[in-house]
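> Below is the structure, and that's it, no one-letter string:
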């Protein structure tokens with residue numbers, strides 16, 4: 001991933017997750033939820049593809065269905081662990097018998113969720129697994145990074161090239177929205193809806209005003225990052 005994507009570890013990559021399931025709808029549901037978390041996601045629909053993906057992608061965590069068309073998830077886990085000892089794995093399967101849970105956890109799985117499932121529960125369990133392994137604090141956190149601009153959502157600190165930038169609450173929310181959508185042109189209407197949560201009607205120029213405030217703090221004396229796209233809106237891009 002390039003540095004303009006969000007994630008923790010500053011400019012380092014986000015959490016890498018491998019989702020293995022032969023049901024496309026489930027694989028897509030889980031993948032979409034993880035991408036919304038700003039994780040980098042790969043998918044596989046069978047055991048062989050999963051093992052190959054794990055070797056090339058080197059995930060931080062795996063969501064693994066036990067029932068696969070070639071060989072089962074327990075064998076996939078065994079092969080993955082041979083290459084990546086300690087790799088956190090959440091079993092996701094239609095099997096809900098106690099013996100199946102025991103088999104999965106005995107084989108080395110870190111947790112077990114049965115279908116049908118709550119995607120919120122899957123996310124909570126994945127985060128807990130990463131925290132236990134120490135990966136979450138280094139692989140997923142509160143920082144948004146675009147080029148040399150860094151925003152910490154927890155501490156609300158903003159820096160550019162290491163220099164502290166002091167923002168008001170509204171300026172901070174505007175910058176956060178821009179940084180969550182790097183290289184994407186955002187219209188005034190989108191910005192009003194997301195940052196102010198309602199339509200100012202004829203006062204849409206409030207966006208122009210706050211963009212000018214941000215430019216004075218972010219861009220003055222530096223290569224500009226905030227750009228106006230005439231008739232379309234605004235875009236934040238890495239300098240250079």
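Ah, there it is. Just so it is clear, the model here is predicted, and its values are computed rather than measured.

> Going by neighbour count, which residues of stretch 31-50 are buried?
Residues of stretch 31-50 classed as buried: 31, 33-34, 37-47, 49-50 (neighbour count, 16 or more other Cβ atoms under 10 Å). The C-beta positions use only the backbone N, C-alpha and C, and glycine is treated the same way.

> Whichever strand or helix holds residue 175 packs against which elements?
Following DSSP states H and E, one finds residue 175 within helix 169-179. For helix 169-179, the packing partners by 3 or more Cβ pairs under 8 Å, 6 or more residues apart in numbering; DSSP states H and E come out as strand 143-146, strand 149-152, helix 205-218, strand 233-236.

> Take these and write them to JSON lines, including mean neighbour count, mean pLDDT and distance to residue 81.
What follows is these, written out as JSON lines (neighbours: other Cβ atoms under 10 Å; pLDDT from 0 to 100; distance: least, Cβ to Cβ, whole Å):
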{"stretch": "strand 143-146", "mean neighbour count": "23", "mean pLDDT": "87", "distance to residue 81": "31"}
{"stretch": "strand 149-152", "mean neighbour count": "22", "mean pLDDT": "92", "distance to residue 81": "35"}
{"stretch": "helix 205-218", "mean neighbour count": "16", "mean pLDDT": "92", "distance to residue 81": "46"}
{"stretch": "strand 233-236", "mean neighbour count": "20", "mean pLDDT": "95", "distance to residue 81": "41"}
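
> can you put these in JSON lines and add distance to residue 58?
Converted to JSON lines, the helices and strands packed on helix 169-179 look like this (distance: least, Cβ to Cβ, whole Å):
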{"stretch": "strand 143-146", "distance to residue 58": "21"}
{"stretch": "strand 149-152", "distance to residue 58": "25"}
{"stretch": "helix 205-218", "distance to residue 58": "35"}
{"stretch": "strand 233-236", "distance to residue 58": "30"}
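
> nearest to residue 183, of the ones you listed?
The closest of those to residue 183 is strand 233-236. By Cβ to Cβ, the value is 6.4 Å.

> Could you list the low-pLDDT ranges of this protein?
Low-confidence segments of the chain, defined by pLDDT under 70: 1-13, 95-108, 131-141, 197-204.

> sorry, back to before: the buried residues of stretch 31-50 in helices, which ones?
Among these, the residues falling in helices (DSSP state H) are 31, 33-34, 47, 49-50.

> need the contact list for residue 158.
149-152, 164-167, 172, 175 (Cβ atoms under 8 Å, 6 or more residues apart in numbering).

> is it in a bridge, and if so with what?
residue 151, residue 165 (DSSP bridges).

> nearest to residue 19, of the helices and strands packed on helix 169-179?
If we rank those by Cβ to Cβ, the stretch that ends up nearest is strand 143-146, at 24.1 Å.

> by contact count, what packs against that closest one?
Looks like strand 143-146 contacts strand 149-152, helix 169-179 (3+ Cβ pairs under 8 Å, 6+ apart).

> now, of these, which is deepest in the fold?
Comparing these by mean neighbour count (mean count of other Cβ atoms under 10 Å), strand 149-152 ranks first with a mean of 22.
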